[in-house]
Every structure is written in C-alpha cells, then in structure tokens.
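S.K.: Following is a predicted model, sequence given first.
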Amino acid sequence: MMPTVLVVDDEKNTRDGLCAMLEDEFDVYCASDVAGALRVLKAESIDVLVTDLRLGGESGMDLIDKALAMAHPPAVIMMTAYGSVDAAVEAMRRGAFDFVTKPLDLEQLELRIKRAIHARAVEKENTDLRQHIDSKFGLESIIGESPAMVEVLDTIRQVAPSRATVLIEGESGTGKELAAKAIHTLSRRNQAKFVAVHCAALTPTLLESELFGHEKGAFTGATERRIGRFEQADGGTIFLDEIGEIDAATQVKLLRILGERTFERVGGNKQIEVDVRLVAATNKDLAKMAAEGSFREDLYHRINVVKVRMPPLRERPGDIPLLVQAFLRQFCAENDKPMLEFTADAVSAFINYHWPGNVRELRAAVEHGVVMARGSKITLRDLPATLRGIGQTASSTMRRNFAAKNDFTLRELETQAILKALDESGGNVSATCRKLGISRRTMYRRLDEMKAAGLLPERQRTH
C-alpha cells in the first residue's frame, strides 16, 4: 500500500501540479480549503498533510490545529512564502513536522514527505510496541533496547513470580526503584502494598522504628503505638533502598525476619508474624563490605538470592534517544507544550555528555529543556549549565551533518549517536555496537532504516 498524502492549496494550478508530481510516489488526495481537507481527513487514513499557509480567506494554521486534534493525526508539512519565518515557527509550535518555502523545490518536498512518513511509522511502531509491553509485562517505566537492559528485563520477568529475595545493584540514578516496582507489579503480590524505605535518609534509631514500629512509651516522644513498614507491607513487597547504610543492630533484626518471618516492635515483646517479600538495592559493593566486615556476610547471602544489575547510562548510550523521546513526550504534555525538537548544538550536548547522574540526570535535563524552551526548539541555552559547554564540541561526522542542518527530530538524534560512534570506531560495526550497547541485529536494522530515510550519508562506510 502506497503512503497517503493530502495536498491543500487554494491555487488550482499549484494544487494540480503538486498532485501530479507526487502521485508516482504516493497515493495523493487534493483539497482547496479547510472544509474539503477535513472531509478527506475524516474519510481516509492520511499519512502526511501538506498545506499552504493561506487558503483564500482561511488560515492553514486552523487546519493544522484540527488535523492534529484527530484520533490518528497525520504528519503536517506547512507551505509558506519565502521569508515567512514567524509563520513557520508558529506552525512548528502547533505541532507541524516540517515546513517548506515557496517557490517549492519539488525534490526537497518529496524528501521531507518521506521523512515525515518514516517518522510517523517509527512513532506508531514504538507506541504499539510499548503498549504491548505495558499490557503484557508491566515494564512501561523501564526503557531500553541495549543488551544490558534486555538482560535486566528478562531477569525481572523471570524472578517476579517467585518468592525469591532480590538484590538490585547500580549507581545512583540508574532506576533501581523502578526495577523493584516492576518486580512487585509482575508478582502474585501485586494486589497488596509496595512499601519503599530509603535507609540512608534515617538515623539508626529512626530506621529501626520505621521498619519494625514501636510501642507507646518505647522512647522519649513515643506517645502512641506505631505500625512499622514491615507490617504495612504484609502480603506485599518491601523495598529497602541503600541497604548498605543499615547499622549492625538493625542488620541482626533484618536477618531474623528473613529467616523466621517474625519480629518485635521497638519496646515490645510480642512476636509479630508477617509474609513479606524483600527487594533491596544498593550503590555500594556489598560483597566487598561483607568481606571487610562492615556488612554481615550472612545477611548479604540472604538478600543476594537473585541479583539484578542496573547498568549506568554510559554503558548504554544507544538507549539515550529512547529515553529522551519518552521524557520529552511526558514533559511536553505536563507543561501543555507541543512536541518539541532539538537544535544541533543541543543534540551534540546530549550525545557527547557522560551523564554521571545516569537516567535521573537525563530526565532532569529534558525537563529543564522543555520548561526553558522559548519556541518550538530546545536550544543549547535551554539545557542545564553542565551540558552547555559539551554542545560546542562534536565529532567530525557530527560537524559535517550539523553544517547542513540546524534542527533535529528525535529519530535524527539517534542517527547522530550512531554516526558519532561509527566515526569514532572507524566504521567498525562490532565496535560501534559495543560502544552504544546495542546488538548487531538492532544496529543493522537502524542502518537500513537510516538509508531508507536518507539519513545516512553515502560516505559513511561500515564494515
């Protein structure tokens, strides 16, 4: 089936000429005004809408708004007179994919239509895949296609239905709590509570009371009985984040509850029995701490039944475009903004930055960019200060591409990441896959898609 394109222009000669030129490549529909265009959009599945800015006494902006408000909106390309920069910016702000200036370069228009079709297809594919994963696995918050993340997701799916205790290791900001929540969601305990405790935020006395509760009068200020987190999580899952910060006395109590499923409240002597699954997380080397004696070795072995390692972002840079896309969609919606794009220097910053704060830092950077963006583009000045200097430096391949284009879609952000890695590895696909943290199969699929969309320079050799 050929892609469908709707051309809307009130000038008959222009409209008929465009339709005739495009019908060899696309299934083309034509309309002369907003009403006619809306009739076509309601009756047919249109992939790309190409509309003039001025439609007699009507505005193409109104058509853009109505088209993009539909349940299955087309990608929109605005045609405008040469030099109408303000109109083009406004069209992009409202959600248009691209714009072209008159007099038209038909070859350039065809290329932009193909890019719009490709971007729309990729977005639909990603949406469908994400919905399928969401409904089947409950892993919608954990984003990534790299081998390291595929292994994480596979482990979560395998361990979730069991009763096993899970230890999640990883640097700060890698998504350890998201993994813990996914384990709970996919478990047989998902109708009961998921209770999270951030151990590093509490003193030893407060932590003991927080976990196990206390009786009235147990200590100064204990004016009434308190139910602890283990009791609250009965039948469900308790998540102990930064478990390596727990003091020795609390470690003993924790060991007992894992072995006997019973504990006593602080200041009490009644044995309380609970059925709780423990998921723990740490950014420390617990094995080393156990060997050095700063963490109980028997407790370490109790909690380390199944280990999940959350990889740092620097080990999976190929996932950055997916994460950016997800966060961008979220924050644009939350801030009532249309879907934004990135300028070239902003793309350079995202691709070249080392992300010491991992996914949490990336998420914050995207939100910062969305909030600070003044138009339809996120520029380098809209990003946090830590990224601004990075955007001034790019690889030779990126500089060549930036010279020809000043703004990028999210798909092109991914393209630039691949081109940068290929450039640095001398075109070696295996080395590029290792650098980006993606499989060869995924890499070849991306390269084929890039070639089909005209996004891969002919000079870029791979081997």
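M.R.: Nice, thanks for sending it over.
S.K.: drop to CA atoms for contacts and neighbour counts, all remaining ones
M.R.: Fine.
S.K.: Phe295 belongs to a strand, doesn't it?
M.R.: No: read with DSSP: H, G, I helix; E, B strand; the rest coil, Phe295 is coil and lies in no strand.
S.K.: Thr51 against Asp62, yeah?
M.R.: No: Thr51 lies out of contact with Asp62 (Cα atoms under 8 Å); the separation is 10.7 Å.
S.K.: So those two - more neighbours on which side?
M.R.: Thr51 (30 against 13; other Cα atoms under 10 Å).
S.K.: Name all residues that make contact with that one.
M.R.: Contacts for Thr51 (Cα atoms under 8 Å, 6 or more residues apart in numbering) come out as 6-9, 60, 76-79.
S.K.: could you pull out the strands for the stretch 201-350 of the chain?
M.R.: When assigned using DSSP state E, counting those that start in this stretch, the strands of the stretch 201-350 of the chain occupy the ranges 237-241, 262-263, 272-273, 277-282, 306-309, 341-343.
S.K.: what does the second one rub up against?
M.R.: Just to be clear, that refers to strand 262-263. 212, 253, 256-257, 271-274.
S.K.: so how far is it off the chain centroid?
M.R.: 41 Å (Cα atoms, centre = their mean, to the nearest Å).
S.K.: Give the pairing partners of that strand; include direction for each.
M.R.: Pairing partners of strand 262-263, with direction, according to DSSP bridges: strand 272-273 (antiparallel).
S.K.: cool, and the longest one?
M.R.: On the basis of DSSP bridges, the sheet neighbours of strand 277-282 come out as strand 166-169 (parallel), strand 237-241 (parallel).
S.K.: Can I get those in TSV including mean pLDDT?
M.R.: Shown next, in TSV, are the strands paired with strand 277-282 (pLDDT from 0 to 100):
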stretch	mean pLDDT
strand 166-169	97
strand 237-241	96
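S.K.: hmm, back to that, going by neighbour count, which of the contacts of Thr51 comes out on top?
M.R.: Neighbour max across those (other Cα under 10 Å) = Val8, 30 neighbours.
S.K.: ok, what's across the strand from it?
M.R.: Beta-bridge partners, per DSSP bridges, of Val8: Ala31, Thr51.
S.K.: Would you mind splitting the protein into its domains for me?
M.R.: Domain ranges of the chain: 4-130, 147-311, 314-452, per automatic domain parsing.
S.K.: so can I have a markdown table of the ones you listed showing distance to Ser141?
M.R.: Output for the domains of the chain, formatted as a markdown table (distance: least, Cα to Cα, whole Å):
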| stretch | distance to Ser141 |
| --- | --- |
| domain 4-130 | 10 |
| domain 147-311 | 7 |
| domain 314-452 | 9 |
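S.K.: which residues does the closest residue to Ala192 other than its chain neighbours contact?
M.R.: In space, and not counting its chain neighbours, Ala192 is closest to Gly236: 4.7 Å by Cα to Cα, 6 or more residues apart in numbering. Contacts for Gly236 (Cα under 8 Å, 6+ apart) come out as 184, 189-194, 275-277.
S.K.: Out of those, which end up buried?
M.R.: 184, 189-190, 193-194, 275-277 (16 or more other Cα atoms under 10 Å).
S.K.: From Asp298, how far off is Glu110?
M.R.: Separation of Glu110 from Asp298 (Cα to Cα, to the nearest Å): 67 Å.
S.K.: actually Phe99, not the one I wrote
M.R.: 65 Å.
S.K.: So if I had to pick from the two, which one is more boxed in?
M.R.: Neighbours were counted for Phe99 and for Asp298 using other Cα under 10 Å; Phe99 has more, 21 against 13.
S.K.: Specify the beta-bridge partners of the more buried one.
M.R.: The partner residues for Phe99, given DSSP bridges, come to Met78.
S.K.: From what I see, it and Ala81 are in contact.
M.R.: No: the pair formed by Phe99 and Ala81 falls short of the contact definition of Cα under 8 Å, at 10.4 Å.
S.K.: ok so, going back, keep only those of the contacts of Gly236 that are in helices.
M.R.: His184 (DSSP state H).
S.K.: pLDDT-wise, which helix or strand of the protein ranks last?
M.R.: helix 396-404 (a mean of 42; mean pLDDT, DSSP states H and E).
S.K.: Adding distance to Glu315 and mean neighbour count, write the strands paired with strand 277-282 out as a markdown table.
M.R.: Converted to a markdown table, the strands paired with strand 277-282 look like this (distance: least, Cα to Cα, whole Å; neighbours: other Cα atoms under 10 Å):
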| stretch | distance to Glu315 | mean neighbour count |
| --- | --- | --- |
| strand 166-169 | 15 | 24 |
| strand 237-241 | 23 | 25 |
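S.K.: Point out the one among those that comes closest to Arg15.
M.R.: Proximity to Arg15 (Cα to Cα) singles out strand 166-169 among the strands paired with strand 277-282, at 60.1 Å.
S.K.: what sits up against the closest one?
M.R.: 176, 179-180, 278-284, 303-310.
S.K.: out of those residues, which are buried?
M.R.: By 16+ other Cα under 10 Å, these give 176, 179-180, 278-284, 303-304, 306-310 as buried.
S.K.: circling back: dump the buried ones among the contacts of Gly236 into a markdown table; add distance to Val34 and pLDDT as well.
M.R.: Converted to a markdown table, the buried ones among the contacts of Gly236 look like this (distance: Cα to Cα, whole Å; pLDDT from 0 to 100):
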| residue | distance to Val34 | pLDDT |
| --- | --- | --- |
| His184 | 51 | 94 |
| Arg189 | 54 | 93 |
| Asn190 | 50 | 89 |
| Lys193 | 53 | 93 |
| Phe194 | 52 | 95 |
| Asp275 | 63 | 94 |
| Val276 | 61 | 95 |
| Arg277 | 59 | 96 |
